[in-house]
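Sequence and predicted model, in that order:
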Amino acid sequence: AQSVTQPDARVTVSEGASLQLRCKYSYFGTPYLFWYVQYPRQGLQLLLKYYPGDPVVQGVNGFEAEFSKSNSSFHLRKASVHWSDWAVYFCAVNQGGRALIFGTGTTVSVSP
Amino acid sequence: EAAVTQSPRNKVTVTGGNVTLSCRQTNSHNYMYWYRQDTGHGLRLIHYSYGAGNLQIGDVPDGYKATRTTQEDFFLLLELASPSQTSLYFCASSVDWGDEQYFGPGTRLTVL
């Protein structure tokens, strides 16, 4: 069965430092993959999406992600974190004709 | 810009009560979804639909009914609410199953 694992429930990073959020997926075939962000008291917003092609995907606000079929991963990165990046980040994979499966989310806290 | 609205934004009911959550999207998307969000579980799919009159069962459907009355409107019904259904509920829509989903702002439901 398809699944998504985000091993880090919470990450704290200093403002200006780099950020990497991990995502591992389980999917038979070639997946469509997504990263969403949830700011406090808001719904989810799309950061970026991967459809088969270039493994490095650029998103909004300086985020990018890299797809690795050999590692079954889709890690999210940002070179320099801003305080406004304080949010919950969700990785998701398509279920093949059904809907998305979401990971449990990683909360990013930004320290000054 | 995709627009998904939900009402009410907050709802408190008692055990055994009858609750209807409403969702409207104005982008002529074919697919609409209901999720619940709980700490430690991420987002879990309750029901989804790919058009007016259509309903598909999600991963956690027990205790929930849903109805898609029009292309725009998707309702989630809790006919005998229980405290275990206390959660944050999100509606989303997409053009097709593998596409980016647009989320509403959420409804916080408390069942006492």
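Alright, I've got the coordinates. It should be emphasised that the depicted structure is a prediction, and the values quoted were computed from it without experimental measurement.

ok, which stretches of the chain are strands?
Since no chain was named, I'll use chain A. A:3-5, A:10-14, A:19-21, A:24-26, A:33-38, A:44-50, A:56-58, A:63-68, A:73-78, A:87-94, A:100-102, A:106-111 (DSSP state E).

Chain B is the one I meant
Under DSSP E, chain B gives strands at B:4-7, B:10-13, B:19-25, B:31-38, B:42-49, B:56-57, B:65-68, B:73-78, B:87-94, B:102-103, B:107-111.

picking that back up, lowest-confidence stretch among the strands of chain A?
Here the strands of chain A differ in mean pLDDT, and the lowest is strand A:100-102 at a mean of 88.

how about the strands of chain A in a markdown table, adding distance to B:A81 and mean neighbour count?
Every C-beta, even on glycine, is put in place using the N, C-alpha and C of the backbone. Shown next, in a markdown table, are those (distance: least, C-beta to C-beta, whole Å; neighbours: other C-beta atoms under 10 Å in any protein chain shown):
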| stretch | distance to B:A81 | mean neighbour count |
| --- | --- | --- |
| strand A:3-5 | 29 | 16 |
| strand A:10-14 | 31 | 13 |
| strand A:19-21 | 35 | 19 |
| strand A:24-26 | 34 | 17 |
| strand A:33-38 | 25 | 24 |
| strand A:44-50 | 24 | 20 |
| strand A:56-58 | 41 | 14 |
| strand A:63-68 | 38 | 18 |
| strand A:73-78 | 36 | 20 |
| strand A:87-94 | 26 | 24 |
| strand A:100-102 | 24 | 24 |
| strand A:106-111 | 29 | 16 |
